[in-house]
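Engineer: Need a 3D model of the sequence below.
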Amino acid sequence: MKRIDKIFHYLKEQGSDSNILELVENGEGFTASRLSDELQILRNNVSMELNELCRRGALVKINSRPVLYYDRESLEQVLGRELTDSELVFHSADELLVLFSSEESKKKSL
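Structural biologist: All right, here's what the predicted structure looks like:
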């Protein structure tokens, strides 16, 4: 299995739709350091692959310190809709949480 596939598979497995909302609410997610430790891959290589996965549109990125990553598909499952390309990079986990609350408001008004 290629390194990028190993990282992506780990993110999908560990950040499943059953726990992804909890991770976002707690300001937790997947960092290059965490993935490096878990997968025994050099952090700079993990970072390079995470950025490539972001370019491909497979991940959602939170540009905080440390940078957090989430599986796009899992977030879309929880939200109940697809994310647009402009909704793949956020400045904070709070910005991402706004999506969840706005989707919840839409569901309640139906």
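Engineer: okay, the most centrally placed residue in the chain: pLDDT?
Structural biologist: When Cα atoms, centre = their mean is applied to the chain, the residue found nearest the centroid is Y70 (1.0 Å). We have a pLDDT of 96 for Y70.
Engineer: Please give me every residue in contact with it.
Structural biologist: L11, G15, I20, L23, V24, G29, F30, L59, V60, I62, L96 (Cβ atoms under 8 Å, 6 or more residues apart in numbering). (C-beta placed from N, C-alpha, C; glycine too.)
Engineer: Rebuild those as a markdown table, extending it with neighbour count and distance to L88.
Structural biologist: Below are the contacts of Y70 laid out as a markdown table (neighbours: other Cβ atoms under 10 Å; distance: Cβ to Cβ, whole Å):
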| residue | neighbour count | distance to L88 |
| --- | --- | --- |
| L11 | 23 | 14 |
| G15 | 23 | 15 |
| I20 | 21 | 15 |
| L23 | 17 | 17 |
| V24 | 24 | 14 |
| G29 | 22 | 14 |
| F30 | 24 | 15 |
| L59 | 25 | 8 |
| V60 | 26 | 5 |
| I62 | 23 | 10 |
| L96 | 23 | 10 |
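Engineer: Of those, which belong to strands?
Structural biologist: Among the contacts of Y70, DSSP state E puts L59, V60, I62 in strands.
Engineer: Tell me the spacing between the second one and Q40.
Structural biologist: Right, the one you point to is V60. Distance of V60 to Q40, given as Cβ to Cβ, to the nearest Å: 25 Å.
Engineer: go on, the first one?
Structural biologist: Per Cβ to Cβ, L59 is found 20 Å from Q40.
Engineer: can you pull out the helices in this structure?
Structural biologist: Along the chain, the segments classed as helices by DSSP state H run 3-14, 20-25, 32-39, 43-55, 72-79, 93-109.
Engineer: In JSON lines, list the ones you listed along with distance to D85.
Structural biologist: Formatted as JSON lines, these follow (distance: least, Cβ to Cβ, whole Å):
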{"stretch": "helix 3-14", "distance to D85": "19"}
{"stretch": "helix 20-25", "distance to D85": "19"}
{"stretch": "helix 32-39", "distance to D85": "23"}
{"stretch": "helix 43-55", "distance to D85": "11"}
{"stretch": "helix 72-79", "distance to D85": "10"}
{"stretch": "helix 93-109", "distance to D85": "14"}
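Engineer: Before I go, just wanted to say thanks for your time.
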